[in-house]
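Enquirer: 3D model of this:
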Amino acid sequence: MMARLASLTFLPLSALVLCVLVPWGAPTLQAAPVCTPQDTAVAAPVEAGVHARVEAALRRQFEKQELVGLAAAIVEGDTITEFYFGFEDREQGVDVTSKTMFRWASISKPLVAVRALQLVRADSLGLDADVITIVPEFPEKKWPITSRQLLGHLGGVVHYTNGIVLRTKRDYDVEHPYADAVVALDRFNRSPLVAEPGTKYAYSTHGYMLLGAVVQKAGGDPLWLQVEKNVAKPLGMATLQPDYQWVEIDHRAVGYRRAKGDVRTSTDTDVSWKLAGGGFISNVNDLARFGRGLCTETLLPRATLDVMWTSQATREGKKTGYGMGFDVSRPGGKLTIGHSGAQEKTRTYLRVRPDEGRAVVVMTNSEYGNTGAIATAMFAAMD
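Expert: Numbering: from 1, shown residues only. Prediction:
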């Protein structure tokens, strides 16, 4: 299907760099038409108006929040339109472009959730089985934990500061042991549970690390290879990969944080140990492709997606607002699913209205960025 054209507003390279329209099924960004300041495009008035309003909303947020770099995209049916502002690397004067790689942070969790449900459909994973029957390397706890509970943050697994985090310390015979999702459990596997599974919503990156180990064992291949084969490739995601610090990744965005009133470079904190919970990286196009894929049945049939997008509840029946890997809400009666991400070097947001075939994605290298506000402003401009 050919991309629809939209009118584009072109600004200085240090602000909005360009907009890109990507047709469904294009294998790489280079296969899509790219508009440059020298090009012209003719569009239907409605489309032109939408894109102009989104660009204006993004510019206001970029300036108001004093962000260093920002990449965002809107999905309208088959079409992805991208917007770029600011710097990938301020000190070197490198602009944010289609090549800029941002950390996904916790939006990594929906990736793994999708793969888990694929395994459930293949009868390779039981949602209600005790996870230690699949990952016996994980120490037995006071109560059994299921994959269904881990998917909804109901497993009682400790996060970062809501309980005691106890590691297993041992010597490894490989240079990067935590690239293995099962070995990475050593980072927290001796920790006591913070609640009896099923009784309390307790958001947990460590819980998703355990889920990642379950997926790895149930699927029979390393976690990353499963995500690449079964999620990234079917959606044409060409840049998604683990953010391994020992791998040279071109155009990896420099992170920025506020300190004593100044905006300074952040740390290159290693996130290889928490791939399932927050360890992926890509350009904005791949995040948009993921959002677009969730509007189709490319990854999972709609019946399974509906299960994923149904809020789970505690044993007492209290709705959590979180399904299996996704925040779930219905503002104005419109099914809206998504996830945010926050860690060193990045803030991200994915918001999808699957029944409308629309989505917005936001990625910034400014740790103080409010990506939720940006996503809200983008959808408001689209409505």
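Enquirer: can you pull out the strands in the stretch 1-150 of the chain?
Expert: Taking DSSP state E, counting those that start in this stretch as the criterion, the stretch 1-150 of the chain contains strands spanning 21-22, 69-76, 79-89, 94-95, 102-103.
Enquirer: Return the residues in contact with the closest residue to Arg292 other than its chain neighbours.
Expert: Nearest residue to Arg292, sequence neighbours excluded (Cβ to Cβ, 6 or more residues apart in numbering): Val75, at 4.6 Å. Glycine gets a C-beta too; all of them are placed from N, C-alpha and C. Val75 makes contact with Ala288, Gly291, Arg292, Cys295, Val352, Gly357, Arg358, Ala359, Val360, Val361 under the criterion Cβ atoms under 8 Å, 6 or more residues apart in numbering.
Enquirer: what's across from Val75 in the sheet?
Expert: Ile80, Ala359 (DSSP bridges).
Enquirer: Equivalent analysis for Gln241, please.
Expert: Ile281.
Enquirer: and if you look at Arg252?
Expert: Beta-bridge pairing for Arg252 (DSSP bridges): Met101.
Enquirer: Same check on the one 10 residues further on?
Expert: With DSSP bridges applied, Asp262 shows beta-bridge pairing to Ala259.
Enquirer: okay, now it: neighbour count?
Expert: By the criterion of other Cβ atoms under 10 Å, Asp262 has 8 neighbours.
Enquirer: any idea how far it lies from Ser340?
Expert: 25 Å (Cβ to Cβ, to the nearest Å).
Enquirer: Format the CA atom coordinates belonging to the helix ranked longest in the chain as PDB.
Expert: Counting by DSSP state H, the longest helix found in the chain is helix 45-64. Output in PDB follows, covering the C-alpha atoms of helix 45-64 (Å, rounded to 0.1, in the frame of the first residue of the first chain):
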ATOM      1  CA  PRO A  45      -6.800  19.300   3.600                       C
ATOM      2  CA  VAL A  46      -7.800  17.100   6.500                       C
ATOM      3  CA  GLU A  47      -4.500  15.300   6.600                       C
ATOM      4  CA  ALA A  48      -2.500  18.400   6.200                       C
ATOM      5  CA  GLY A  49      -4.400  20.000   9.000                       C
ATOM      6  CA  VAL A  50      -3.800  17.100  11.300                       C
ATOM      7  CA  HIS A  51      -0.100  17.000  10.700                       C
ATOM      8  CA  ALA A  52       0.300  20.700  11.100                       C
ATOM      9  CA  ARG A  53      -1.600  20.600  14.400                       C
ATOM     10  CA  VAL A  54       0.500  17.700  15.700                       C
ATOM     11  CA  GLU A  55       3.700  19.400  14.700                       C
ATOM     12  CA  ALA A  56       2.600  22.600  16.500                       C
ATOM     13  CA  ALA A  57       1.600  20.700  19.600                       C
ATOM     14  CA  LEU A  58       5.000  18.900  19.600                       C
ATOM     15  CA  ARG A  59       6.900  22.200  19.200                       C
ATOM     16  CA  ARG A  60       5.000  23.700  22.100                       C
ATOM     17  CA  GLN A  61       5.800  20.800  24.400                       C
ATOM     18  CA  PHE A  62       9.400  20.700  23.200                       C
ATOM     19  CA  GLU A  63      10.000  24.300  24.000                       C
ATOM     20  CA  LYS A  64       7.900  24.300  27.200                       C
END
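Enquirer: now the angle between strand 79-89 and it, please.
Expert: Relative orientation of helix 45-64 versus strand 79-89 (axes from the mean of the first three to the mean of the last three Cα atoms, to 10 degrees): 20 degrees.
Enquirer: Which residue lies closest in space to the residue sitting nearest the centre point of the chain, excluding its sequence neighbours?
Expert: For the chain, the residue nearest the mean C-alpha position is Ile107 (2.3 Å; Cα atoms, centre = their mean). In space, and not counting its chain neighbours, Ile107 is closest to Gly341: 4.4 Å by Cβ to Cβ, 6+ apart.
Enquirer: What ranges does the stretch 151-300 of the chain have for its strands?
Expert: Under DSSP E, counting those that start in this stretch, the stretch 151-300 of the chain gives strands at 241-242, 256-259, 262-265, 280-282.
Enquirer: thinking again about what came up before, could the strands of the stretch 1-150 of the chain be laid out in JSON lines, adding distance to Gly278 and mean pLDDT?
Expert: JSON lines is the format used below for the strands of the stretch 1-150 of the chain (distance: least, Cβ to Cβ, whole Å; pLDDT from 0 to 100):
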{"stretch": "strand 21-22", "distance to Gly278": "26", "mean pLDDT": "46"}
{"stretch": "strand 69-76", "distance to Gly278": "18", "mean pLDDT": "98"}
{"stretch": "strand 79-89", "distance to Gly278": "20", "mean pLDDT": "97"}
{"stretch": "strand 94-95", "distance to Gly278": "24", "mean pLDDT": "98"}
{"stretch": "strand 102-103", "distance to Gly278": "8", "mean pLDDT": "98"}
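Enquirer: winner for burial among those?
Expert: Neighbour counts (mean count of other Cβ atoms under 10 Å) averaged over each of the strands of the stretch 1-150 of the chain peak at strand 102-103, with a mean of 30.
Enquirer: And the longest helix of the chain, what's buried?
Expert: Glu47, Ala48, Val50, His51, Arg53, Val54, Glu55, Ala57, Leu58, Arg59, Gln61, Phe62 (16 or more other Cβ atoms under 10 Å).
Enquirer: pLDDT on it, on average?
Expert: Averaged across helix 45-64, pLDDT comes to 89.
Enquirer: List of residues touching stretch 180-192?
Expert: Outside stretch 180-192, the residues that touch it by Cβ under 8 Å, 6+ apart are 135, 137-139, 141-142, 157-158, 163-170, 172, 177-178, 206, 209-210, 212-213, 215-217, 222-223, 273-276.
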